[in-house]
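Chemist: structure for this input, please:
(2 chains)
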Amino acid sequence: MSWLNKLLPPKIKRENRADKPSAVPEGLWSKCSACEAVLYYTDLESNLGVCPKCNHHHALSARERLDALLDPEGRREIGAEVRPVDILKFKDSKRYPDRLAAARTETGEDDAIVVMQGSILSQPAVVAAFEFKFIGGSMGSVVGERFVRGVQAAVEARAPFICVAASGGARMQEGLNSLMQMAKTSAALQLLTDARLPFISILTDPTMGGVSASFAFLGDVVIAEPGALIGFAGPRVIEQTVRETLPEGFQRSEFLLEKGAIDMIVDRRELKRRVAELTTLLMDEPALQ
Amino acid sequence: MKPTFLDFEQPIAELENKIEELRFVQDDSVLDISEEIARLQKKSQELTKALYGKLTPWQISQVARHPQRPYTLDYIQGLFTDFHELHGDRSFADDPAIVGGMARFNGQAVMVIGHQKGRDTKEKIYRNFGMPRPEGYRKALRLMKLAEKFGLPVVTFVDTPGAYPGIGAEERGQSEAIGRNLYEMAKLRVPVICTVIGEGGSGGALAIAVGDYVNMLQYSTYSVISPEGCASILWKTAERASDAAEALGITANRLKTLGLVDRVVSEPLGGAHRDHAQMMNALRRVLQEQLKDLNTQPTELLLKNRFDRLMQYGRYREEAA
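Modeler: You can find the predicted model right below:
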């Protein structure tokens, strides 16, 4: 820590912008963090956060994601009434309620998932999207419960269930309750199986730990976005364990496709159409117009 | 077997050493010091009782990892007869970090599955310190499906630092293997009883711990992340593991209070490793009772109860829309 930092009172939040690649910053211009191309902000936006120069898929917020998948009309949010509580009175350098409040301020969301019922190219669907900026998209009780309510809504509406994951794993601050969300979400998929409704799992950058090791790979079709980091253990943990450098592209979507772990890699700009086609095929419905 | 003492047990270790010395002296001495030995033994017991009466969560995780703690194969030997170990996932390899097979419990045929740690260095490496790779979870699932086919109840023993974080494990789908087990265990059409006997390390533990009864031994732990892992992320140093252990709520009693486990099985004074036989008896009684209960339940009810219980995991509040 530099002497300057020490002088600043701890309450002043210092944001070190240099080591945080801005995904889609506001303003007229933006720079792609992958290829450094200078782009019009509107260019990025009209490409759903995909760099038109290098195809890098920048992170999307949960609501941007839902906008990219769902038709604008006839949407209904599911499980918004479910809110987090601090069961363990968890405190590390920060109290858990303070972390929740900070995440709420930063993202405008109450927890790390947003679930919405609506339609994809006029086909009914329920879509759950993770908000990575909310405590690393971590899965605690609220994520688990909203996920399950989304599944139930899909069954009721006889619609497919689509989940877009972006998560560092289970939420430490809720302790074992978070671990149990892995069992809860995975078990809930039975309801879709019994109703013969498709579960499409879309893995985006990053999908790790407890989310990766529960429902994420249980999709009837598992899709990944290009270049996403997907795995059980984080690369740093693996490196420390095996004490060797990881192979190039390890745990990236392309690597997973080669290893047979996922069905396909789909460019975000084609995702909506692909999901609609896959679900109509699985449900043996007429082809899209 | 001479017990190994943990750091916080040093006062007990000193007393026990003294007792040993006196015993040695007594052998070739005309003086009768048996009274003194008895006095020290009583003191040692009282000290153990006092120490174990107020263990911190971090101390409990040390006991859970004690090198002399009974492991899955010890429980299999102590509680079951006619054990026939089955090997392999049928597609890649046999993972020695998970053992399983058919056996009899009080004469009833069951499938028993558990994580297995090693005692000496060579076996520790062979068992990969109880950290399974995907083939271990797939073997476990294969055995569970076999149990389902023949209507055998499944009894699992959980004792792992976690699923192995290695290159090969990732390449072969560690995540998928764990997730698949969670899904399948939730709807396995036979009774499933799970007992955490040592370390319940995160997803790697949960992958064989979805069942109708979840028990924990008194000094076992069950956690979303290891105290060291949590400390290095949230406190930026693994040195704060004891704070993390406290915050995470990983002990049997705490988890029972939180409604996340059904039963805490008492351990002998000073931990399960002090008296394997007594530990076996305590666990036998619990398994007996639970198996008896589950044996009478119709499959549909069993599955409904298991599902409902999974769905009620988690604490949240509901705000009026």
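
Chemist: ok, and the closest non-adjacent residue to whatever residue of the stretch 1-150 of chain A ends up closest to chain B?
Modeler: Closest to chain B within the stretch 1-150 of chain A is residue A:141: 3.2 Å, counting by CB to the nearest CB. (Each C-beta comes from the backbone N, C-alpha and C, glycine too.) Spatially, and ignoring its direct neighbours in sequence, residue A:141 is nearest to residue B:314 (3.2 Å; CB to CB, 6 or more residues apart in numbering or on different chains).

Chemist: again with residue B:136
Modeler: Nearest residue to residue B:136, sequence neighbours excluded (CB to CB, 6+ apart): residue B:95, at 3.2 Å.

Chemist: my guess is the one you found meets residue B:131, correct?
Modeler: No. If you go by CB atoms under 8 Å, residue B:95 and residue B:131 don't touch, sitting 9.6 Å apart.

Chemist: which ones are touching the residue nearest to residue A:141?
Modeler: With contact set as CB atoms under 8 Å, 6 or more residues apart in numbering or on different chains, residue B:314 has these partners: A:140, A:141, A:142, A:144, A:145, A:174, A:177, A:180, A:181, A:184.

Chemist: so which of these belong to helices?
Modeler: Residues of the contacts of residue B:314 located in helices (DSSP state H): A:141, A:142, A:144, A:145, A:177, A:180, A:181, A:184.

Chemist: tell me the buried residues in stretch B:277-287?
Modeler: Buried residues in stretch B:277-287, defined by neighbour count with 16 or more other CB atoms under 10 Å in any protein chain shown: B:279, B:280, B:282, B:283, B:284, B:286, B:287.

Chemist: now the third one: which helix or strand?
Modeler: Read it as residue B:282. Assessed by DSSP states H and E, residue B:282 sits inside helix B:276-295.

Chemist: name the next helix or strand downstream of that helix, please.
Modeler: Scanning forward in sequence from helix B:276-295 by DSSP H and E, the next helix or strand is helix B:299-311.

Chemist: distance-wise, check residue A:243 relative to chain B.
Modeler: Residue A:243 sits 11 Å away from chain B, taking CB to the nearest CB, to the nearest Å as the criterion.

Chemist: for residue 284, give me its contacts.
Modeler: Picking chain A for this. Residues near residue A:284 by CB under 8 Å, 6+ apart: none.

Chemist: hm, I was asking about chain B
Modeler: By CB under 8 Å, 6+ apart, the residues touching residue B:284 are residue B:79.

Chemist: quick revisit: hmm, the residue of the stretch 1-150 of chain A closest to chain B is touching residue A:178, no?
Modeler: Yes. If you go by CB under 8 Å, residue A:141 and residue A:178 touch, sitting 7.3 Å apart.

Chemist: point to the residue nearest the middle of chain A.
Modeler: The residue lying closest to the centre of chain A (CA atoms, centre = their mean) is residue A:166, at 2.4 Å.

Chemist: would you list every one of the strands in the stretch 1-150 of chain A?
Modeler: Secondary structure of the stretch 1-150 of chain A (DSSP state E, counting those that start in this stretch): strands at A:29-31, A:38-40, A:76-78, A:82-84, A:113-120, A:123-130.

Chemist: partners of the fifth one, with directions?
Modeler: Taking DSSP bridges as the criterion, strand A:113-120 forms sheet pairs with strand A:76-78 (antiparallel), strand A:123-130 (antiparallel).

Chemist: name the residues that touch it?
Modeler: With contacts defined as CB under 8 Å, 6+ apart, strand A:113-120 is touched by A:62-63, A:66, A:69-71, A:73-80, A:124-131, A:137, A:139, A:142-143, A:146-147, A:149-150, A:153-154, A:157, A:159, A:162, A:272, A:275-276, A:279.

Chemist: what's the burial count for residue A:66?
Modeler: For residue A:66, the neighbour count with other CB atoms under 10 Å in any protein chain shown is 20.

Chemist: show me the contacts for it.
Modeler: By CB under 8 Å, 6+ apart, the contact list for residue A:66 reads A:75, A:114, A:116, A:127, A:129.

Chemist: quick one: pLDDT of it?
Modeler: Predicted confidence (pLDDT) for residue A:66: 98.

Chemist: follow-up on the earlier one: mind checking how far the residue nearest to residue B:136 is from residue B:127?
Modeler: Remark: distance between residue B:95 and residue B:127 (CB to CB, to the nearest Å) = 9 Å.

Chemist: swap in residue B:54?
Modeler: The gap separating residue B:54 from residue B:127 is 33 Å, by CB to CB.

Chemist: these two: which is more packed in?
Modeler: Legend: neighbour count by other CB under 10 Å for residue B:54 and residue B:127, higher for residue B:127 (22 against 7).

Chemist: tell me the confidence at the closest residue to the more buried one other than its chain neighbours?
Modeler: The shortest distance from residue B:127 to any non-neighbouring residue, by CB to CB, 6+ apart, is to residue B:118 (4.0 Å). Note on residue B:118: pLDDT of 97.

Chemist: residue B:118 touches residue B:125, doesn't it?
Modeler: Yes. Taking contacts as CB under 8 Å, residue B:118 lies within contact range of residue B:125: 7.0 Å.
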